[in-house]
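Colleague: Give me the fold of what follows.
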Amino acid sequence: MAETSRVSHPPQAAPLRFAPRILFLCQSPEQVEAVLGGRQISLTDATPLRDDISTDEITPIAILTHYDEKLGRFPYTGFKSGDRMPIGAGAIAASGIEVVVAGRRYGKGSSREHSPAAEKLAGVRLVIAESFERIYRQNADNIGLFTSTDFGLVARIAAGEPIPVDELVAGRDALAATILKTGGLLRFGREFMQDIAPADTVPDARPRTLFEKIVARHALRTPLTSARPSPGDGAFVRADWRFIHEYYTGMAAHMLHATFGRPLPLHAPDSIVVFEDHTSYVEESPAHLRGGLVPNVWRMVDAQREFVAAYRLRSHRTLTEEEAAQDDGSNVAGISHAMVAERYALPGQLVVGTDSHTPHSGALGCVAFGVGTTDMANAFVTGAVRLTVPPSIHVRLDRRLGPGVTAKDLVLHMLALPFIRGGGGVGKVFEFTGEGIALLSTDERATLTNMTAELGGFTGIVAPDAETVRFLRERRGIDFELEPWMRSDEGAAYAHELRIDCSAVEPMVAAPGDPGNGLPITGVAQPVRIDIAYGGSCTAGKREDFDHYHAVLRWAADRGLRVAPGVQLFLQFGTTAVRDHCVAAGYLDAFERVGARILQPSCGACGNCGPGGSSDARQVTVSAINRNFPGRGGPGSVWLASPPTVAASAIAGELMSFEALQARHGRRTLS
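Modeller: Down below sits the predicted model:
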């Protein structure tokens, strides 16, 4: 990048020396306990390392009610090794450990900056892993926590050798390296981001993807970033919409006020939207009740409401059962990223939010991606959002999905592909094209772009077309005109191509532990008894998802069938617009006749924040949520499935597709 040479970089830092005892997050709980007990073991002794360690394991969701130094007591308290969780509260801080080592795809899942913050506050200064998920690593950069994929450092650190900082940032883009050397994003911003402006429009004759075009239209010129960023470059962009929810706002306000004082000079506050979307049912959350954390949650909510009031920000507050009963339509509520697609995002725009499922809005043909708290805090005061420009994967969907097969089945199929399981999608843009995508509704497209988070991707995007125009007109009352540039150019460069025959995809499930544990439901060897069925979340709480729930449950109700004995079925709307659609369509009658419990809009059980999660490790859940990492949705086992499979399983009392349920009970309506 030409501009880089003009920057006065931070002075050369002295080499860093780390405590030689290293914590290996490995598959042997005995080895983990040995290190915590004071032993120093080798990498050879520690292998095999645990892969796919999620942010739910680094900082379980109940811990997110803390957003200050208290987090330092809790890193890895959800980490599962073998059949147990060997790291208790306070163990890392008491151990003096400064270096942690793990396997592939470290930091999967949520965008919660609480995870690297908890590690750093506990004394961890460096995490080494075979690969990192994009949001986790960027969050670590932003707070000055070093990350590396160089396993050659392990023996050197154990021997007491000091490590040059340049080796710790080797292979990173210039922007990431400078942020780390400066001590984090907010310090970097104070030094380097006083002179930012929209980049000049520079003609570019090369074929470009739609993602590249949108980023170029939103690029900002800074002393350290190029006006024409290429894949691998660090860049800053202007966002059309920035949104945040209650698990992040208190932390963002805390760090901003500590850095800049009061009042804050917020940039373009009209483009900031604040949501309460996790906490409406927290008093029915076993995780929060068991930990005595409900008062912490309400303090967190109050902190957000105070921030909203102080800066007069646009907000959508949670809708309780009591409020819903008296609702006059004035409180439009729901899950943040679902609401953004319903009310705010437009084709060609750029959207950022403090949630890993922000790519939901990519279904409309915009660039939408998740960021952590520090990134959003910086964006609040500068208007600039940091990214490392990713390469793209072209996902060509051939033919149409078969009867009873949904976009959720398609994405579970993709998650099980060896390329994805091996981390091939980490940090990439997933662009969906082909006949298969053209035949999908916007709601179904949103399932695909939403779950690029589980694919490991930076975001997902679908070029806007006639279906997008229909959605905007019918759902939002907008007459939108597509522009010729709103598509990828012929000959645009992609890092990889996936080609999928949609007609060959079957109804899928993902076995407990990871969304990548996918298999056709016909391939489940033994019957799986269930205790809980949950339909909802951003991924499966949309209007068309409820059309699927209703199709199954109306069929069951017409035959006098009900939810199986011993099973609880929860259906939770993603937004009030979805609820209103179900009421107008008469869906509630069938839901009530089969014995489902209907819940108002919220993230709910997906984040251990309400009914639908397990309370006992022996319970088995089938859920339409997007991830089933250990601890996600409660202590029990969680199988992922599509909306029709969740509904059919609730009636059957075991994992079952709608087709199999129909075969069991006969297809003819009872007289």
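Colleague: Find the helix or strand that residue 534 is a member of.
Modeller: Here residue 534 sits within strand 532-535, counting by DSSP states H and E.
Colleague: What is that strand packed up against?
Modeller: strand 568-572, strand 620-623, helix 643-652 (3 or more CB pairs under 8 Å, 6 or more residues apart in numbering; DSSP states H and E). From N, CA and C alone the C-beta is placed, and that goes for glycine too.
Colleague: which residues are contacting the helix or strand following the second one?
Modeller: Same thing as strand 620-623. Next helix or strand after strand 620-623 toward the C-terminus (DSSP H and E): strand 637-641. Strand 637-641 is contacted by residues 408, 412, 507-512, 515, 518, 521, 528, 530, 614, 619-628, 632, 649, 655 when judged by CB atoms under 8 Å, 6 or more residues apart in numbering.
Colleague: what pairs with strand 637-641, and is each one parallel or antiparallel?
Modeller: The strands beside strand 637-641 in its sheet (DSSP bridges) come out as strand 508-510 (antiparallel), strand 620-623 (parallel).
Colleague: returning to that earlier point: for the strand holding residue 534, which strands pair with it and how are they oriented?
Modeller: strand 568-572 (parallel), strand 620-623 (parallel).
Colleague: Can you lay out those as CSV showing mean pLDDT, mean neighbour count and distance to residue 455?
Modeller: Compiled in CSV, those are given as follows (pLDDT from 0 to 100; neighbours: other CB atoms under 10 Å; distance: least, CB to CB, whole Å):
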stretch, mean pLDDT, mean neighbour count, distance to residue 455
strand 568-572, 96, 25, 24
strand 620-623, 96, 26, 18
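Colleague: Give the burial count for residue 647, as a bare number.
Modeller: By other CB atoms under 10 Å, 33 other residues sit near residue 647.
Colleague: and the gap between it and residue 502?
Modeller: Per CB to CB, to the nearest Å, residue 647 is found 22 Å from residue 502.
Colleague: Equivalent analysis for residue 37, please.
Modeller: Distance of residue 37 to residue 502, computed by CB to CB: 52 Å.
Colleague: which one of the two has more residues nearby?
Modeller: Neighbours per residue (other CB under 10 Å) separate residue 37 from residue 502, with residue 502 holding more: 22 against 9.
Colleague: Name the nearest residue to the more buried one, ignoring sequence neighbours.
Modeller: Counting by CB to CB, 6 or more residues apart in numbering, residue 436 is the residue found nearest to residue 502 once chain neighbours are left out, at 4.0 Å.
Colleague: try residue 296
Modeller: Nearest residue to residue 296, sequence neighbours excluded (CB to CB, 6+ apart): residue 65, at 3.6 Å.
Colleague: which outside residues touch stretch 545-565?
Modeller: Residues from elsewhere that reach stretch 545-565 (CB under 8 Å, 6+ apart): 406, 443, 533, 535, 569, 571, 573-574, 578, 581-582, 585, 587, 589-591, 593-596, 624, 642-644, 646-648, 650-654, 658, 661-662, 665-666, 669-670.
Colleague: what's the spacing between it and its chain's center?
Modeller: Computed by CA atoms, centre = their mean, to the nearest Å, the chain-centroid distance of stretch 545-565 equals 30 Å.
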